[in-house]
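> Fold the stuff below for me.
(4 chains)
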Number of protein chains: 2
Amino acid sequence: MDRFLSNAVNRIDAKGRVSVPAHFRAVVQKRGFQELYALRALDVPAIDMGGLDLLDRYEARLANEDPFLQTADDMSFFCHGDGAFVKVDAEGRITVPDFIRDHTGITTDVAFVGRGQFFQLWEPQQFATHREQVRTRLLKLRQDMTARARGPVAEDMA
Amino acid sequence: MDRFLSNAVNRIDAKGRVSVPAHFRAVVQKRGFQELYALRALDVPAIDMGGLDLLDRYEARLANEDPFLQTADDMSFFCHGDGAFVKVDAEGRITVPDFIRDHTGITTDVAFVGRGQFFQLWEPQQFATHREQVRTRLLKLRQDMTARARGPVAEDMA
DNA sequence: TGGGACATCTTGGGCGTCAATGGGATTTAC
DNA sequence: GTAAATCCCATTGACGCCCAAGATGTCCCA
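Below is the predicted model of the structure:
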């Protein structure tokens, strides 16, 4: 498998370490990454984590911005300056640093959430809340699209 | 046969395993799936299950979205992060994880429902209820469409 | 047409392997 | 010198894998 998929919750031990799910480790290894790169997600209390190709996503977007505008500067600052490297030990564990705890609210358990090209770290309860919010938004999107597909007549009838 | 058709109810054993109907297994094998992928259906208490091509449909849709808008994030979160791999053992059984039980209400028995490109897992009683609701909705839709096809006059007459 | 043999599917249970976790020992940085 | 990080090893619990038997349906033959 070459994508980060599914999710899992693991416990942080007394030393502040937590196992990266074996499935995710396989993806990391297959892609040949020695270290992981971590970014604080912008609008949610989660950490985006992955190989350095995590940056590709942002740099592609950066390339489209006018370098004289503040937006480009901010984006660069965000993805280049505000990230952190995270080392994986021989057993496939990472140590959870303070900035991750602060941004996510993680204390004793970590939810690992696959996102295809990368994965996220969530506080389990926050994750549960967020996933329901996402489902609600997608359901509404689906209903809106369904209504439009039926045409204005059906929409009026509703 | 290359599509998932018909339905069947099987029992979960003491270890939380349930046989995938032989007919569905034949389709899985014919399509060359090593593992199954499970997603919680958006608006019904059912699990969508199929090969990884289940994801292809969503990812193709995802590619049309602006990757920096919330909708793209939601879609990725839903199909990458909220799914789960399910392994099929040598006898063609799967173990039913908790998130499937929580979302569907499944406890002792599982209804497998063919959906062509994929199949669904239902709690048998919920399935029975839903199949009648679907029939009712389709009947109403058919009547509505018939009325519209007859023109506004016929609609007013109704 | 009814019965019996057979094949296949479903179900049950034991065992080994691997991943997650806990803890001690050694090294490194400050 | 102290604290943190890293390495190494042990435990355990879940999961995958194997073998076995009951149930169900099918086909053939009398």
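> tell me the SS of the residue in chain A that chain B sits nearest to?
Chain A approaches chain B most closely through residue A:113 (4.1 Å), counting by CB to the nearest CB. The way it works is simple: take the backbone N, C-alpha and C, and place the C-beta from them, glycine included. Using DSSP: H, G, I helix; E, B strand; the rest coil, the structure places residue A:113 in strand.
> Just name the shakiest helix or strand of chain A by mean pLDDT.
Between all helices and strands in chain A, the lowest mean by mean pLDDT, DSSP states H and E belongs to helix A:151-157, at a mean of 49.
> Near residue A:31, how many other residues are there?
Neighbourhood size, residue A:31 [other CB atoms under 10 Å in any protein chain shown]: 13.
> Give the full set of residues in contact with it.
Residues near residue A:31 by CB atoms under 8 Å, 6 or more residues apart in numbering or on different chains: A:2, A:51, A:53.
> Then residue A:28?
Neighbour list for residue A:28: A:20, A:36, A:51, A:88 [criterion: CB under 8 Å, 6+ apart].
> elements contacting the helix ranked longest in chain A?
Longest helix in chain A, counting residues (DSSP state H): helix A:124-149. Judged by 3 or more CB pairs under 8 Å, 6 or more residues apart in numbering or on different chains; DSSP states H and E, the packing partners of helix A:124-149 are strand A:109-114, helix A:151-157, helix B:70-76.
> Give me the buried stretch members for the last one, please.
Put plainly, it is helix B:70-76. Buried residues in helix B:70-76, counted by 16 or more other CB atoms under 10 Å in any protein chain shown: B:72-76.
> Return the subset of the contacts of residue A:31 lying in strands.
Among these, no member falls in strands (criterion: DSSP state E).
> which one among those gets closest to DNA strand C?
The closest of the contacts of residue A:31 to DNA strand C turns out to be residue A:2 (CB to the nearest atom of the strand; 16.8 Å).
> pLDDT score assigned to that closest one?
Listed pLDDT for residue A:2 reads 85.
> check contacts around the nearest residue to residue A:137 once chain neighbours are set aside.
Leaving aside its sequence neighbours, residue A:137 sits nearest to residue B:74 (CB to CB, 6 or more residues apart in numbering or on different chains; 5.4 Å). Counting by CB under 8 Å, 6+ apart, residue B:74 touches A:134, A:137-138, A:141.
> if we go to 10 Å?
A:130, A:133-138, A:141, B:62, B:65 (CB atoms under 10 Å, 6 or more residues apart in numbering or on different chains).
> Which members of these are classed as buried?
A:130, A:134-135, A:137-138, B:62.
> which among those residues gets closest to residue B:7?
Ranked by distance to residue B:7 (CB to CB), the buried ones among the contacts of residue B:74 are led by residue A:135 at 25.0 Å.
> which one is that closest one nearest to, not counting chain neighbours?
Of all residues not flanking residue A:135 in the chain, residue B:42 sits nearest, at 6.3 Å (CB to CB, 6+ apart).
> Including distance to DNA strand D and pLDDT, could the buried residues of helix B:70-76 go into a markdown table?
Listed next are the buried residues of helix B:70-76 as a markdown table, based on distance: CB to the nearest atom of the strand, whole Å; pLDDT from 0 to 100:
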| residue | distance to DNA strand D | pLDDT |
| --- | --- | --- |
| B:72 | 31 | 91 |
| B:73 | 28 | 92 |
| B:74 | 27 | 95 |
| B:75 | 27 | 95 |
| B:76 | 24 | 95 |
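> DNA strand D contacts on chain A?
A:15-17, A:87, A:89-91, A:95, A:97 (CB under 7 Å from any atom of the strand).
> of all the residues you listed, which two lie farthest apart?
Based on CB to CB, the longest span within those runs between A:90 and A:97 and measures 19.1 Å.
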